[in-house]
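Student: have a look at this prediction, sequence included:
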Amino acid sequence: MVVYNYVFIGLLLLVAVAFAAAPLVVVALVAPRKRSAAKDDTYECGVRTHGETWVRFRIQYYIYAIMFVVFDIETVFLYPWAVSYGGLGTFALVEMVVFLTILGAGLAYAWAKGVLRWA
Amino acid sequence: MIPDEVWRSAVVPVANLQLVELNLQTWIRWALWLAVGFAGIFPGIVAYMVWLERKVAARFQDRIGPNRVGPLGLLQPIADAIKLITKENIVPRSADRIVHLLAPILVLVSAFLVMAVVPFAVGLVPVDLPSGLVYLIAVSSLSPLGIFLAGWSSRNKYSLLGAMRAVAQLVSYEVPQVLATIPVALWAGSLSLVTIFDRQLEFGWNVFSPPGFLAFATFLIAGVAEVNRTPFDLPEAESEIIAGYHTEYTGMRFGLFFLAEYLSVFGVSCVATVLFLGGGTPIPFLEFPVDLLGDSTASLIVVNLILLSVFLLKVLGFIFLMFWIRATLPRMRVDRLMNFAWKYLVPLSILNVFFAAIWYEMVIRPGGLTFGNWLRGTLVTGVLVAAAVYLTFLLNRKLAEAKPLDADWPSVAPATEAAR
């Protein structure tokens, strides 16, 4: 029978989950369990937790996430280009110069707009 | 624009590479890898990395380190494991219990999956995926997700801060890390780590070319940031936010994060060794004779043992380097950390893609690694790389001077002068 070798990745995934879950099962069996109100409190340096924790967070992080998505998709285009570069020749190189110049211009624009300014 | 036969010649062999005959031999090989390698040797290596780090860190600080449990403290990892397992598991009342449980498992699974495509020696590879590099990036980006889930589900403000910092840092450094692997894929003409390793058996290590060196340095810096180690350990900065995303984790659940961190250190060292330092090849530039002692099985075993030992020595070098960096450098400031990724490493790695293409045209396309080709390629790309690095740093310094971060903050200078 011929299968894709990604089957191994699936098996490894199962083994990894089992490897991570097994000690937790042992913990559930052997570790002591003594609950108390103080122990189950949120640990914030002994001070009673104040206000809501799950709040809306700074927009700055979101902007970095968008930048990440842009550049991650760029690499999705770069990999096939890099692999077949040897057989493609000058035209491919020129195209990649154009593509990366547009991306670089995007980075420069974000930079100039202060998106990368962490303050 | 790209002729049909080019596509066909590129795509069809890849499709064939993905297939494997599922017979008894394959099953035995896979079972051995899973049971001996992934569930036995790798966690063992990681356990003794922790011991080694404690010893090395102790020496850097003029201490002895663990020396009570067993000779030289060699049984310390086992004692640690027993301690972690017998500790009570505490989940805060207000936490999201299911996500709190799943997060450490996800982080550890991500660290395990990275090891699946690493060729340790000739033929000694768990699975040779034709798209190995893309697979690596895909599975290694699971860990920021797990870290974020951990911080969010704990419902602790320090955890949340740590998780937010972790995600911002990990996604930022993933971009230069991924871009740094493009030259390697370009020179090998493949995404398979086995092919990349084989190419370096023939043509010498990737690190010994100016674009390769720049890519290696970028990969290493980003790699240290990806595994959250000093000087990039802001997500778990203990002097600021207790323990960051794993503040609310106790006992074995914390142990899983700890194991995952060290497993990722091992994983990123292995990947860096394969991509840039020629895997287990002992000597750069020399074609390693895989049939050193003839064609027999014994010869293959001897050669593989040499390759494997050299490989592990290189990995140990990387690991020691990370311990050393931890003992030497203080933690970075968060704005400088983000700036370094986006304003230095990303532009440099984008430029480096072109330098890699120039190296390909000057050295690899004209028929491989002759001395003349190598010298000419090194001179041309070396000048370009040095100029790019210099200009990037110069430009950043000029821009930072023109627009300082604290320009709109109240100045402290008059106060100090008045005090005098």
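Tutor: Cool, got the structure. Numbers count the residues shown, from 1 in each chain, chains lettered A, B, ... in the order given.

Student: B:F318 contacts B:S269, correct?
Tutor: Yes. The pair B:F318 / B:S269 is scored as a contact, 3.7 Å apart, by CB atoms under 8 Å. Using the backbone N, CA and C atoms, a C-beta is placed for each residue, glycine as well.

Student: those two - which one has more neighbours?
Tutor: B:S269 (26 against 21; other CB atoms under 10 Å in any protein chain shown).

Student: contacting residues around the more buried one?
Tutor: B:S269 sits next to B:223, B:314-315, B:318-319, B:322 when contact means CB atoms under 8 Å, 6 or more residues apart in numbering or on different chains.

Student: how about a cut-off of 7 Å?
Tutor: B:315, B:318-319 (CB atoms under 7 Å, 6 or more residues apart in numbering or on different chains).

Student: and if you look at B:G212?
Tutor: B:183, B:206, B:276.

Student: I'd like the next helix or strand past the helix or strand harbouring it.
Tutor: Under the criterion of DSSP states H and E, B:G212 resides in helix B:210-226. Next along the chain after helix B:210-226, taking DSSP H and E as the criterion, comes helix B:238-241.

Student: quick one: mean pLDDT for that next one?
Tutor: Averaged across helix B:238-241, the pLDDT comes to 74.

Student: chain A contacts on the stretch 201-350 of chain B?
Tutor: B:247-248, B:251-252, B:256, B:334-335, B:338-339, B:342-343, B:346, B:350 (CB under 7 Å from any CB of the partner chain).

Student: spatially, which two of those residues are the most separated?
Tutor: Greatest spatial distance among those (CB to CB): B:G251 and B:I350, at 44.7 Å.

Student: those two: which has the busier surroundings?
Tutor: Set B:G251 next to B:I350 and count neighbours by other CB under 10 Å: B:I350 wins out with 22 against 19.

Student: chain neighbours aside, what residue packs nearest to the more buried one?
Tutor: Spatially, and ignoring its direct neighbours in sequence, B:I350 is nearest to A:L100 (5.7 Å; CB to CB, 6 or more residues apart in numbering or on different chains).

Student: send me whichever strand or helix holds the one you found as PDB with only the CA atoms.
Tutor: Taking DSSP H and E as the criterion, A:L100 maps to helix A:90-112. Output of helix A:90-112 as PDB, limited to C-alpha atoms (Å, rounded to 0.1, in the frame of the first residue of the first chain):
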ATOM      1  CA  THR A  90      16.500  36.600 -15.400                       C
ATOM      2  CA  PHE A  91      12.800  37.200 -15.900                       C
ATOM      3  CA  ALA A  92      12.000  35.700 -12.500                       C
ATOM      4  CA  LEU A  93      14.600  37.700 -10.800                       C
ATOM      5  CA  VAL A  94      13.300  41.000 -12.300                       C
ATOM      6  CA  GLU A  95       9.700  40.000 -11.200                       C
ATOM      7  CA  MET A  96      10.900  39.400  -7.700                       C
ATOM      8  CA  VAL A  97      12.700  42.700  -7.600                       C
ATOM      9  CA  VAL A  98       9.400  44.400  -8.600                       C
ATOM     10  CA  PHE A  99       7.400  42.400  -6.000                       C
ATOM     11  CA  LEU A 100       9.800  43.000  -3.200                       C
ATOM     12  CA  THR A 101      10.200  46.700  -4.000                       C
ATOM     13  CA  ILE A 102       6.400  47.100  -3.700                       C
ATOM     14  CA  LEU A 103       6.600  45.300  -0.300                       C
ATOM     15  CA  GLY A 104       9.600  47.300   0.800                       C
ATOM     16  CA  ALA A 105       7.700  50.500  -0.100                       C
ATOM     17  CA  GLY A 106       4.900  49.200   2.100                       C
ATOM     18  CA  LEU A 107       7.300  48.700   5.000                       C
ATOM     19  CA  ALA A 108       8.800  52.200   4.400                       C
ATOM     20  CA  TYR A 109       5.300  53.700   4.300                       C
ATOM     21  CA  ALA A 110       4.400  52.000   7.600                       C
ATOM     22  CA  TRP A 111       7.700  53.100   9.100                       C
ATOM     23  CA  ALA A 112       7.100  56.700   8.000                       C
END
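
Student: mind listing what's buried along it?
Tutor: A:92-93, A:96, A:100, A:103, A:107, A:110 (16 or more other CB atoms under 10 Å in any protein chain shown).

Student: what do you get for stretch B:27-37?
Tutor: B:30, B:33-34, B:37.

Student: can I see the domain layout of chain B?
Tutor: By the assignment in automatic domain parsing, chain B contains the domains B:28-86, B:90-333.

Student: which pLDDT value goes with residue 86?
Tutor: With no chain named, the answer covers chain A. 77.

Student: should've been chain B
Tutor: 87.

Student: quick check: closest non-adjacent residue to it.
Tutor: A:A31 (5.7 Å).

Student: residue contacts, the one you found?
Tutor: B:85-89, B:251.

Student: among those residues, name the buried ones.
Tutor: Those of the contacts of A:A31 that meet the buried threshold are B:85, B:87, B:89, B:251, by 16+ other CB under 10 Å.
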